[in-house]
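1. build me a model:
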Amino acid sequence: MWRLYYHFGRHAIIITIAGGWVCTHRVPGAKE
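-> Reported below is the predicted structural model:
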């Protein structure tokens, strides 16, 4: 259980960072 949660958490963080980066570069001027 811990391993799955740990791996899922790492992927979630990477996806979140990548998603935020893409959104920031795709929509100029849209800062949060």
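
2. let's check: the centremost residue of this protein is which one?
-> residue 16 (1.0 Å; C-alpha atoms, centre = their mean).

3. and it, how far is that from residue 9?
-> Going from residue 16 to residue 9 by C-beta to C-beta, to the nearest Å gives 10 Å. Backbone N, C-alpha and C define where each C-beta goes, glycine included.

4. could you do residue 17 as well?
-> 13 Å.

5. ditto for residue 3
-> 11 Å.

6. so residue 9, which of the three states?
-> Three-state call for residue 9 (DSSP: H, G, I helix; E, B strand; the rest coil): helix.

7. all helices of the protein, in order?
-> In the chain, the segments counted as helices under DSSP state H are 2-26.

8. which residues of the chain score low on pLDDT?
-> Residues of the chain that meet the criterion pLDDT under 70 lie in 1, 27-32.

9. the more surrounded of residue 3 and residue 9?
-> Ranked by neighbour count (other C-beta atoms under 10 Å), residue 3 and residue 9 place residue 9 first, with 10 against 7.

10. what separates that one from residue 22, distance-wise?
-> On the measure of C-beta to C-beta, residue 9 and residue 22 end up 20 Å apart.

11. repeat that for residue 6.
-> Taking C-beta to C-beta as the measure, residue 6 falls 25 Å from residue 22.
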